[in-house]
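> what's the 3D shape of this:
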Amino acid sequence: MVYDANGGIVRNMKGDPLQMLFNSSADGSTSEYKFRGGDAIYEDVNHDGNINRLDVVYLGNSLPKLTGGFGFRFTYDAWSLNAQFNYRVDYDIVNIARLNMESMSSNNNQSQAVNYRWRKEGDFTTIPRALMTSEKVANYNTMISDRFVEDGTFLRLNYLQLSYNMPSKTVKKIGLQGLRFYASANNLFCLTKYTGVDPELGYGGYGVTTDHAQTPRAKSYTFGVTVDF
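Numbering: from 1, shown residues only. This is a model prediction of the structure:
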């Protein structure tokens, strides 16, 4: 139903509640679609009873308020620990990968989340009903909205190394000047509330950061020995 700015029900001349209409299509033409149970709920910003381009609002900003990195190095006796972190704070990502995996508009593989979609009156869920896309009926449940806009704040440990220098007395006994053992790792963990595979997206761009399920950064490990003669 249509609600006014004060939350009251808007009625027609006969006193019947007005039903919300979707009055916009992807190709720019105008078409009316009456919302049904289980459809995604969009806000009628200007309270005119239609969901269209006049209800478009800004949902966030893909430019982080803070981005950078830091590191530290601890040394104790012959042991040394080196760690490097990078981070981004308060920037938004449009999770297109999640949109596609929850759209239920084709025969493509879908996320397990769609098992909890709306099915019947009385269901309470954040996943709308399944609605196959056709030439006559568009899938209005997959419009880009704040449902798919997520905070991409993260803190990543992108490098960690632990090393050990053999005592000089021991090294000289075997005819060497130095002997060092080390183990290092890249991309050990990433702390974030973002639900996609990797929040570290959109570097070097000023547009909207979108996630199309690119391959995430892989973990890697290195073991080595440094020998000085």
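> residues touching Thr210, list them.
By CB atoms under 8 Å, 6 or more residues apart in numbering, Thr210 lies in contact with Ile93, Val94, Ile96, Leu201, Gly202. Placement of C-beta: from N, CA and C, glycine included.
> switch to 10 Å and redo it
Counting by CB atoms under 10 Å, 6 or more residues apart in numbering, Thr210 makes contact with Ser62, Ile93, Val94, Asn95, Ile96, Ala97, Leu99, Ile144, Phe148, Leu201, Gly202.
> from Arg117, how far off is the residue of the chain most remote from its centre?
Residue farthest from the centre of the chain, counting by CA atoms, centre = their mean, is Lys173 at 56.1 Å. Going from Lys173 to Arg117 by CB to CB, to the nearest Å gives 71 Å.
> residue ranges for the strands of the protein, please.
21-22, 33-34, 50-51, 66-76, 79-89, 92-94, 149-151, 154-165, 178-186, 189-192, 209-210, 220-228 (DSSP state E).
> can I get these in TSV including distance to Asn12 and mean pLDDT?
TSV is the format used below for the strands of the chain (distance: least, CB to CB, whole Å; pLDDT from 0 to 100):
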stretch	distance to Asn12	mean pLDDT
strand 21-22	13	60
strand 33-34	14	74
strand 50-51	14	81
strand 66-76	51	95
strand 79-89	49	96
strand 92-94	37	95
strand 149-151	34	96
strand 154-165	50	96
strand 178-186	64	94
strand 189-192	48	96
strand 209-210	41	93
strand 220-228	65	93
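> adding distance to Ile127, write those out as JSON lines.
Below are these laid out as JSON lines (distance: least, CB to CB, whole Å):
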{"stretch": "strand 21-22", "distance to Ile127": "19"}
{"stretch": "strand 33-34", "distance to Ile127": "19"}
{"stretch": "strand 50-51", "distance to Ile127": "19"}
{"stretch": "strand 66-76", "distance to Ile127": "33"}
{"stretch": "strand 79-89", "distance to Ile127": "29"}
{"stretch": "strand 92-94", "distance to Ile127": "18"}
{"stretch": "strand 149-151", "distance to Ile127": "16"}
{"stretch": "strand 154-165", "distance to Ile127": "25"}
{"stretch": "strand 178-186", "distance to Ile127": "36"}
{"stretch": "strand 189-192", "distance to Ile127": "22"}
{"stretch": "strand 209-210", "distance to Ile127": "21"}
{"stretch": "strand 220-228", "distance to Ile127": "36"}
